[in-house]
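Peer 1: no sequence on this one, just coordinates:
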């Protein structure tokens, strides 16, 4: 790898026994950090989305379990409580299992393993960035959804890692940023990251994407993933499936960028992935202002599943996977299973 | 027609020379009315979306021209300024031309013609409601986008007129309401109207629709229209095209409900329809709170175009039009052209 870019944004940092977490719920208005040595406070931060993004949730949970190993708490109980904070991200369970299995409850080993998971994520992002940027043409407009950046991984980002690498390569790209309702990770977080990197971008409401794709305004769609099934079906932030249908209708490639740890080979098809349903208040109010009449009920699925048939390629740190994804996924997950 | 339902909601009322306009920008929190005899104030109300919805814009502009006819202002100037308030809705130009042509500038005739346009809209909604409700099955979940209700027409609504009529017929329907970013006409206005009618409904973020359609949670999509081309291509609130793609992918019927005055036979194809691009601040801020970093640029197309091939039927007051729409549209617009 030619260079390991330094992330401009550090959503979490481990400082000798204290975890420093950027509270993403306050961005872009306020850049405030939570500093804690209490794993329960970390669990709460994951639950209320102060820290979010499947890979970063895994890294954060690993540090939280290292904190639990230093305490008098039962680490099996801590691992279960941490695993229950978000049901869809598979990296969470993967990282917790790894810290527990390697450390056997030893605090020093647990800390070392958490740091290792974080370092691997940074390296994985850099590799995905290089592999993915090769798929992006000069002058392309890239559409992205939610935030799959540094704020979602702790490295340069998965989907945004590709965008940043293409930018660093001088490809003069422009980014269309879906605002990503209800929690606006696109307008709040992705726009903030892209502005820090000096990458040209425009925010749109989520439902404007299909019309812009129809008008040939988009050359590629690049998104992250929360969980990928063994057949390539991909759970990602709600709205990804609609983008995939528009991409297919107009021949625009859809690239999913995710570390191999996002792949859940225990799940054969996307239909088996549990979809987190969050509180309806996220939809019916905004910053404590009601946007719907009092008493209005809202449904609030946080994710949807994009069938593998609509995905052009899955970019992982072990290579760019193409259809049929079943075989490609097996080829990158099986050696990893042995290595662990 | 068996019954002429009384609208629960009166977004505009003509009271002997004074126009009373419900300020829709303040809903659902505040039900406040603007009372004015000044056509320029009405133009401003249309421009800032205090009154919106293609048919209601037409009715309101007709009353505004009646107000202009009572003043010493040049009514040709008034008509041009009113026509320029919103570029996409064709009913606006249609209603202005009709009042001017019939009245010849006479204030009493202009008022009578505006009242007539309003009465016709109420009758048209009732007829569309009956025709459209026949397409809705018992126990159906209907998805709608934006607000095509009383607040958009001045009658029972176009798409919501169908929903209300099906409800009055005892069909035990449920409605999924797209919140409709950026201005939230779904969660602010449609949810408010449905609650007043006692119709079961749930609000969702716009991008959740495709996943819910994939899970067979939706039996029909019913929307209004801002302008329909001679071939059936339909401009409607941004996001309608994405819904149409999801509907097609899963065999869910998509019904457009609109008065014949929404059809613009001067426009052969949807590609010729001018799409209003509104201020990016609508996307990057909410109720004066910034949702994106300072300086963020947003694109904000207010509409998109759904190709006729994705529309199951267009419900008008003169009948339910089916593909090929070109012939069906000609059959309902040509006699009307003579009648005018």
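Peer 2: That came through, no problem. Here the structure is a predicted model, which means the values were calculated and not measured.

Peer 1: Which element, helix or strand, includes the closest residue to residue A:295 other than its chain neighbours?
Peer 2: Among residues not flanking residue A:295 along the chain, residue B:195 sits closest, at 7.3 Å (C-beta to C-beta, 6 or more residues apart in numbering or on different chains). Every residue, glycine included, has its C-beta placed from N, CA and C. Taking DSSP states H and E as the criterion, residue B:195 maps to helix B:191-197.

Peer 1: Contacts for the helix or strand just after that helix, please.
Peer 2: Scanning forward in sequence from helix B:191-197 by DSSP H and E, the next helix or strand is strand B:201-204. Outside strand B:201-204, the residues within contact range by C-beta atoms under 8 Å, 6 or more residues apart in numbering or on different chains are A:280, A:283-284, A:292, A:296-300, B:174-179, B:186-187, B:190-191, B:194-195, B:212.

Peer 1: Now, the residues you listed that are in strands?
Peer 2: Applying DSSP state E to the contacts of strand B:201-204, the entries found in strands are B:174, B:175, B:176, B:177, B:178.

Peer 1: What is the burial count for the third one?
Peer 2: Put plainly, it is residue B:176. 22 (other C-beta atoms under 10 Å in any protein chain shown).

Peer 1: Next one: it from residue B:9, what distance?
Peer 2: 21 Å (C-beta to C-beta, to the nearest Å).

Peer 1: re earlier: so which of the ones in strands among the contacts of strand B:201-204 are also by chain A?
Peer 2: B:176, B:178 (C-beta under 8 Å from any C-beta of the partner chain).

Peer 1: any idea which of the ones in strands among the contacts of strand B:201-204 is closest to residue B:251?
Peer 2: residue B:176 (17.0 Å; C-beta to C-beta).

Peer 1: who's in contact with that closest one?
Peer 2: Applying C-beta under 8 Å, 6+ apart to residue B:176 gives the contacts A:299, B:141, B:142, B:143, B:144, B:201, B:202, B:204, B:209, B:212, B:217, B:218.

Peer 1: Let me know the closest of the residues you listed to residue B:106.
Peer 2: Of the contacts of residue B:176, the one sitting nearest to residue B:106 (C-beta to C-beta) turns out to be residue B:144, at 40.3 Å.

Peer 1: how much space between that closest one and chain A?
Peer 2: 13 Å (C-beta to the nearest C-beta, to the nearest Å).

Peer 1: Surely that residue and residue B:220 touch.
Peer 2: No. Using C-beta atoms under 8 Å, residue B:144 makes no contact with residue B:220, being 9.4 Å away.

Peer 1: Same drill for the two, tell me which one is more crowded.
Peer 2: Between residue B:144 and residue B:220, residue B:144 has the larger neighbour count (other C-beta under 10 Å), namely 29 against 23.

Peer 1: got the phi/psi numbers for the more buried one?
Peer 2: phi -130, psi 160 (degrees, to the nearest 10).

Peer 1: ok, the residue nearest to residue A:295 touching residue A:297?
Peer 2: No. Shown here, residue B:195 and residue A:297 do not form a contact pair, counting by C-beta under 8 Å, at 10.3 Å.

Peer 1: Give me the contact list for stretch A:128-142.
Peer 2: So stretch A:128-142 is contacted by A:1-2, A:5, A:156-159, A:161-166, A:169, A:171-176, A:217-222, A:253, A:255, A:257-259, A:313, A:315-317, A:319-320 (C-beta under 8 Å, 6+ apart).

Peer 1: For that stretch, buried residues please.
Peer 2: A:128, A:129, A:130, A:131, A:132, A:133, A:135, A:136, A:140, A:141, A:142 (16 or more other C-beta atoms under 10 Å in any protein chain shown).

Peer 1: Which single one of those is nearest to chain B?
Peer 2: The nearest member of the buried residues of stretch A:128-142 to chain B, counting by C-beta to the nearest C-beta, is residue A:141 at 11.0 Å.

Peer 1: how much space between the closest one and residue A:207?
Peer 2: Counting by C-beta to C-beta - residue A:141 and residue A:207 are separated by 18 Å.

Peer 1: so what's residue A:182 up against?
Peer 2: Applying C-beta under 8 Å, 6+ apart, the residues contacting residue A:182 are A:282, A:283, A:300, B:205.

Peer 1: what comes up buried for the lengthiest helix in chain A?
Peer 2: What stands out as the longest helix in chain A, according to DSSP state H, is helix A:107-133. Neighbour counts over helix A:107-133 (16+ other C-beta under 10 Å) mark A:107, A:110-111, A:113-114, A:117-118, A:120-122, A:124-133 as buried.

Peer 1: cool, stretch A:252-271 as well?
Peer 2: A:252, A:254-265, A:267, A:270.

Peer 1: What is the most widely separated pair among those residues?
Peer 2: A:252 and A:265 (28.8 Å).

Peer 1: if we can go back for a sec, the residue nearest to residue A:295 and residue B:145, how far apart?
Peer 2: 18 Å.

Peer 1: likewise residue A:310?
Peer 2: In this view, residue A:310 and residue B:145 are 22 Å apart by C-beta to C-beta.

Peer 1: Which one's more surrounded, those two?
Peer 2: Neighbours per residue, other C-beta under 10 Å: of residue A:310 and residue B:145, the larger number sits with residue B:145, 28 against 19.

Peer 1: Now do the more buried one, the pLDDT please.
Peer 2: In this model, residue B:145 is scored at 98, pLDDT.

Peer 1: The one 3 residues further on too?
Peer 2: Note for residue B:148: predicted pLDDT of 97.

Peer 1: what about the closest residue to it other than its chain neighbours, how many neighbours?
Peer 2: Excluding the flanking residues, the one nearest residue B:148 by C-beta to C-beta, 6+ apart is residue B:224, at 2.8 Å. Neighbour count of residue B:224, defined by other C-beta under 10 Å: 31.

Peer 1: cool, residue A:290 as well?
Peer 2: Neighbour tally, residue A:290, other C-beta under 10 Å: 15.

Peer 1: With that, I have no additional questions.
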